[in-house]
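*Asks:* here's my sequence, what's the structure:
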Amino acid sequence: MMKNHLLAALPAAEAARWLDGLKPVQLDLGMVVYESGRQQQYVYFPTTSIVSLLYVLEDGSSAEIAVVGKEGVVGVSIFMGGGSTPSRAVVQSAGLGYRLSAHLMKEEFERAGPVLHLLLRYTQALITQMSQTAVCNRHHSLDQQLCRWLLLSLDRLEDSELMMTQELIANMLGVRREGVTEAAIKLQRAGLIRYARGHITVLDRPGLEQRACECYDVVRKEYQRLLPDIKAV
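*Replies:* Next up, the predicted model:
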């Protein structure tokens, strides 16, 4: 449980109330955690997995609006009162997590105690990530977008390797696969990453940070500002 930073930040009394309701789950690559417009039955707290929040258009094309990993929770609409969203949540990197029923989450949120304030601050940080992603996709190069995306993913993993095909990255960023291929080749030639058969290994993280636009740093600092009581993203 401690591997998820939000769960680790729960005060002892709240953590004790949640223990029986939290169920460990395996989140497999490509698993749909929730679908667009459908009532959500659970919230998920990733530990070693990453979940991508995607907006899917009528023609089937999609673009990522945020990523959630060990720093957060998937399913904020449950405690924010909506119950569903126009986005869908798909597992981007397989791993483990915990599941809590929507009923128990809403019940805890409505106690208006420390959990409410923690979740509201997390939601504000998540909204910042969504907003910055929209700005980045409109104003920055694909090269910079890929650096931002890699860094956000790395922050939510235990090591410097990602299992990710170029086609999947293209779907996440909402661009053509050829564009991702070109951007990845540039980063590889610069000695920042190594890419082979769906494996991306980051070789030079400081170099990747220097090459990224300001969007990554804005998001990182906002998580740290709003959630100083949990481990930094």
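
*Asks:* how many neighbouring residues does Pro46 have?
*Replies:* Neighbourhood size, Pro46 [other C-beta atoms under 10 Å]: 29. Where C-beta positions appear, they are placed from N, C-alpha and C, glycine not excepted.

*Asks:* quick one: contacts for it?
*Replies:* 4, 27, 68-70, 72, 74, 95-97, 156 (C-beta atoms under 8 Å, 6 or more residues apart in numbering).

*Asks:* please repeat the previous calculation with a cut-off of 10 Å.
*Replies:* For Pro46, the contact set (C-beta atoms under 10 Å, 6 or more residues apart in numbering) comprises 3-4, 6, 25, 27, 33, 67-74, 91-93, 95-98, 156.

*Asks:* and it, bridged to which residues?
*Replies:* Note on Pro46: beta-bridge partners by DSSP bridges are Gly97.

*Asks:* any idea how far Tyr34 is from it?
*Replies:* Separation of Pro46 from Tyr34 (C-beta to C-beta, to the nearest Å) stands at 14 Å.

*Asks:* where do the contact lists of these two overlap?
*Replies:* Shared contacts of Pro46 and Tyr34, defined by C-beta under 10 Å, 6+ apart, comprise Val74.

*Asks:* just the element for Lys106, please.
*Replies:* Using DSSP states H and E, Lys106 falls within helix 102-109.

*Asks:* try Glu222
*Replies:* Here Glu222, judged by DSSP H and E, is contained in helix 214-226.

*Asks:* show me where pLDDT drops low in the protein?
*Replies:* Applying pLDDT under 70 to the chain flags the ranges 1-2, 229-233.
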